[in-house]
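Participant: model this:
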Amino acid sequence: MDEEISVRKAILKKLFKHRYIGGRHTEIRNVIKGLPQELLKEAKKQTAILIKENYLLAKPSTGEVHVSLNPRRIKEIMREISS
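Facilitator: This next block holds a predicted model:
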């Protein structure tokens, strides 16, 4: 459970830090880059969950899916990052 929460926070923090919000997006592989090897599977799973929960917006682009933070849910994202 703690692993899921920490990976989820790491994904949201990284996207927020680099200001991938709304129209500015990045490939999913860039989101999980830099995480420890043993957490990559969990990171992919959590990214998919965040898309389903509408925290992340998915956009098919240049052969791979790109993601960004949903600007309409930024307050909730900030709460989740800071908790």
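
Participant: Distance check, Arg24 against Glu4.
Facilitator: To Glu4, Arg24 is 26 Å away according to CB to CB, to the nearest Å. Where you see a C-beta, it was placed from the backbone N, CA and C, and this is true even at glycine.

Participant: Report the central residue of this structure.
Facilitator: Ile11 (4.1 Å; CA atoms, centre = their mean).

Participant: That residue: what's it in contact with?
Facilitator: The contact partners of Ile11, by CB atoms under 8 Å, 6 or more residues apart in numbering, come to 31-32, 43, 46-47, 50.

Participant: How about Phe51: what's its closest non-neighbour residue?
Facilitator: Actually, residue 51 is Ile. It isn't Phe. Among residues not flanking Ile51 along the chain, Ala58 sits closest, at 5.0 Å (CB to CB, 6 or more residues apart in numbering).

Participant: Next up, identify which helix or strand the one you found is on.
Facilitator: For Ala58, the element it lies in under DSSP states H and E is strand 56-61.

Participant: Strands of the chain, start to end?
Facilitator: Using DSSP state E, the strands of the chain run over residues 26-27, 56-61, 64-69.

Participant: Put together TSV for those, with distance to Lys17 on each row.
Facilitator: Formatted as TSV, the strands of the chain follow (distance: least, CB to CB, whole Å):
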stretch	distance to Lys17
strand 26-27	12
strand 56-61	15
strand 64-69	11
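
Participant: If anything else comes up later, I'll come back, but that's it for now.
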